[in-house]
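Asker: predicted model, plus sequence, below.
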Amino acid sequence: MTVQSRLYQALQTTALGTVLALSIASAAHAALGGSSATVANDQIRMNATRATHSDTGYTVHEMTLPRGTLVREYVAPSGVVFGVAWQGPSMPDLQGLLGAYTGEASAGVKAFREAHGGIGPVSVQTTDFVMSAGGHMGHYVGHAYLPAALPAGVTAQDIQ
């Protein structure tokens, strides 16, 4: 085996290990549709401070990221994260927040941009996923939620 083929094999192994590590790490996030049991992991992953408060029919975990962005994760009494929202000077890790809905969000944003142009706020709405995002450098806002997972008495306007 040549040095080049050994180097190529080592790079492939490293790349595969990185992909597996990222997959495992993302499974631990309290992403949209996931379990509230891992909200503390999100706090650690985002290096954020966290406060929790309860409202009628749900609990909100508010995390402040080091650069000042506020992320809210909305958790139903069943323990499911049914909504997320963000606002602040930098974008949070949306892949971590949206979890299994990242692909749906990406496809929706692409379709929205093709239909409405390449800049400005974005709105994505399917039967099982809703997301709105916008802002500009230094001030980003957005929210995403699962309509079917909204607890009784909770509306989309509650997720902000």
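Answerer: Nice, I can see it. Numbers count the residues shown, from 1 in each chain.

Asker: excluding its backbone neighbours, what's nearest Thr69?
Answerer: Gly88 (3.0 Å; CB to CB, 6 or more residues apart in numbering). (Each C-beta comes from the backbone N, C-alpha and C, glycine too.)

Asker: who's that neighbour bridged to?
Answerer: Tyr140 (DSSP bridges).

Asker: and Tyr74, by the same measure?
Answerer: Beta-bridge partners of Tyr74, counted by DSSP bridges, are Val60, Gly83.

Asker: pretty sure it sits against Gln160.
Answerer: No: in this structure, Tyr74 is not within contact of Gln160 by CB atoms under 8 Å, at 9.8 Å.

Asker: nearest residue to the middle of this structure?
Answerer: Nearest to the geometric centre of the chain sits Leu97, at 1.5 Å (CA atoms, centre = their mean).

Asker: contact partners for it?
Answerer: Contacts for Leu97 (CB atoms under 8 Å, 6 or more residues apart in numbering) come out as 29, 31-32, 71, 73, 84, 86, 144.

Asker: what's the burial count for Gln160?
Answerer: Counted with other CB atoms under 10 Å, the neighbours of Gln160 add up to 14.

Asker: one more: Gly83?
Answerer: 25.

Asker: I figured it hits His61, correct?
Answerer: No: checked against CB under 8 Å, the pair Gly83 and His61 is beyond contact range at 11.1 Å.

Asker: list residues touching both of the two?
Answerer: With CB under 8 Å, 6+ apart, Gly83 and His61 have common neighbours 72-73.

Asker: just name the shakiest helix or strand of the protein by mean pLDDT.
Answerer: Sorting the helices and strands of the chain by mean pLDDT, DSSP states H and E puts helix 3-27 at the bottom, at a mean of 34.

Asker: show me where this structure has strands.
Answerer: 49-55, 58-64, 70-75, 81-88, 122-125, 130-136, 139-145 (DSSP state E).

Asker: send the alpha carbons of the second one over as PDB?
Answerer: Listed in PDB are the C-alpha atoms of strand 58-64, where the atom choice follows Å, rounded to 0.1, in the frame of the first residue of the first chain:
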ATOM      1  CA  TYR A  58     -46.200  24.400  28.800                       C
ATOM      2  CA  THR A  59     -42.700  25.200  30.200                       C
ATOM      3  CA  VAL A  60     -40.200  27.600  28.600                       C
ATOM      4  CA  HIS A  61     -36.500  27.100  28.800                       C
ATOM      5  CA  GLU A  62     -34.800  30.400  28.000                       C
ATOM      6  CA  MET A  63     -31.100  30.200  27.200                       C
ATOM      7  CA  THR A  64     -28.900  33.200  26.700                       C
END
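
Asker: fine by me, thanks again.
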